[in-house]
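Enquirer: Below are the sequence and a predicted model; questions follow.
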There are 2 protein chains.
Amino acid sequence: MKIDFDKMQGLAPAVIQDAATGEMLMVGFMNRDALEATLRTGFVTFYSRTRQTLWTKGETSGNRLEVVAAWTDCDRDTVLLRVRVLGAGKVCHTGSRSCFTQPLPLGSALQPREEEARR
Amino acid sequence: MKIDFDKMQGLAPAVIQDAATGEMLMVGFMNRDALEATLRTGFVTFYSRTRQTLWTKGETSGNRLEVVAAWTDCDRDTVLLRVRVLGAGKVCHTGSRSCFTQPLPLGSALQPREEEARR
C-alpha cells in the first residue's frame, strides 16, 4: 500500500482513535519513516514538525499507543490508527485522556478577526 | 476560541467522526473561512487544496454532514467534528460509508521505496 506523502511536503495526518471505546484521542503527523516505524514496531511513532525528528508517543511518559489496526483512506493521504493506550492511559500532555477537550461553539463565528476587532 | 492555522499555511486538519457510532468517516482540511462556515451553518465545509475553494460536503450528493459537536485539541491546530450523515449516508466518493476502508499491514514495512525496489 503506497501512501501519498506528497500532498503535505512529505507528511500525512495520523488520526489516533481508542480501539476499545472509539474515542478520538489525538492527531499527529507522520513522514514515511514514522509510518514505517509505527507499522513495524506496533507503537505509534510521529514526526515532530517543530523538532524535525521522529518520536514514539509515550516513550518517556509510558503512555505508549499500541496499534490494534491501521487503515488509510480512499486517496491514501491520511492514516487512521486504532490503538490501545498503555501506562496511565493519559494521551494528552495536559493530563487528560484525549487531546480534544476544548469545545467549539456551534451557530456562531470564531473570534473576530483582528482587523474586525479593531473597528 | 482561536484556532492556530499558521502551522499548515492557513489550514487545519478536520477529523470527521460519526456521532452515533464513533466510526471515523474522513479527514479533510479547513481554512478559517471553511471552519467559520461549518460552525455557522452546522454543515461540514472543507477547503479543497486542489481546487482552492470552499466546498460543503454533500452539496451535490445530498450526503451532507450535520455537525452535532465540535472540538479543538490542546494546541488548537486540529478540529474534531462529530456529525450525523444525511442523505444515503455514504460519505466516501467510492460509495462506502467511511473513507477508511484500506487496511495497512502491521508488523511489516510499507512498499519498498523506489530506489530499493530497483536493486
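Expert: Perfect, I can see it now.

Enquirer: residues in contact with stretch A:40-55?
Expert: Outside of stretch A:40-55, the residues within contact range by CB atoms under 8 Å, 6 or more residues apart in numbering or on different chains are A:11, A:14, A:16, A:28-31, A:33-34, A:37-38, A:56-58, A:64-67, A:81, A:83, B:7, B:106-109. For every residue, glycine as well, the C-beta is placed using N, CA and C.

Enquirer: swap the cut-off to 7 Å and go again
Expert: Contact with stretch A:40-55 is made by A:11, A:14, A:16, A:28-31, A:33-34, A:37-38, A:56-57, A:64-67, A:81, A:83, B:7, B:106-109, as judged by CB atoms under 7 Å, 6 or more residues apart in numbering or on different chains.

Enquirer: Likewise for stretch A:69-79?
Expert: A:1-4, A:7, A:12-15, A:19, A:30, A:35, A:39, A:80-82, B:26-27, B:92-94, B:99-100, B:102-104, B:106.

Enquirer: Span of that stretch from start to end?
Expert: 11 Å (CA to CA, to the nearest Å).

Enquirer: Buried residues in that stretch, which are they?
Expert: By 16 or more other CB atoms under 10 Å in any protein chain shown, the buried positions in stretch A:69-79 come out as A:70, A:71, A:72, A:73, A:74, A:76, A:77, A:78, A:79.

Enquirer: With secondary structure, distance to residue A:46 and pLDDT as extra columns, can I get those residues in CSV?
Expert: Formatted as CSV, these follow (DSSP: H, G, I helix; E, B strand; the rest coil; distance: CB to CB, whole Å; pLDDT from 0 to 100):
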residue, secondary structure, distance to residue A:46, pLDDT
A:70, strand, 14, 98
A:71, strand, 17, 98
A:72, strand, 16, 98
A:73, coil, 18, 97
A:74, coil, 23, 96
A:76, coil, 19, 96
A:77, coil, 16, 95
A:78, coil, 14, 97
A:79, strand, 11, 98
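
Enquirer: Tell me the buried residues in the host helix or strand of residue A:81?
Expert: Assigned by DSSP states H and E, residue A:81 belongs to strand A:79-85. For strand A:79-85, the neighbour count (16+ other CB under 10 Å) marks A:79, A:80, A:81, A:82, A:83, A:85 as buried.

Enquirer: Name the nearest residue to the first one, sequence neighbours excluded.
Expert: Looking back up the chat, that one is residue A:79. Leaving aside its sequence neighbours, residue A:79 sits nearest to residue A:14 (CB to CB, 6 or more residues apart in numbering or on different chains; 4.5 Å).

Enquirer: The helix or strand containing the one you found vs strand B:79-85, what angle?
Expert: Using DSSP H and E, residue A:14 falls within strand A:12-18. In terms of direction (axes from the mean of the first three to the mean of the last three CA atoms, to 10 degrees), strand A:12-18 departs from strand B:79-85 by 70 degrees.

Enquirer: so what strands line up beside strand A:12-18?
Expert: Strand pairing for strand A:12-18, using DSSP bridges, gives strand A:24-30 (antiparallel), strand A:79-85 (parallel).

Enquirer: Tabulate these in TSV, adding columns for distance to residue B:44.
Expert: Shown next, in TSV, are the strands paired with strand A:12-18 (distance: least, CB to CB, whole Å):
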stretch	distance to residue B:44
strand A:24-30	15
strand A:79-85	18
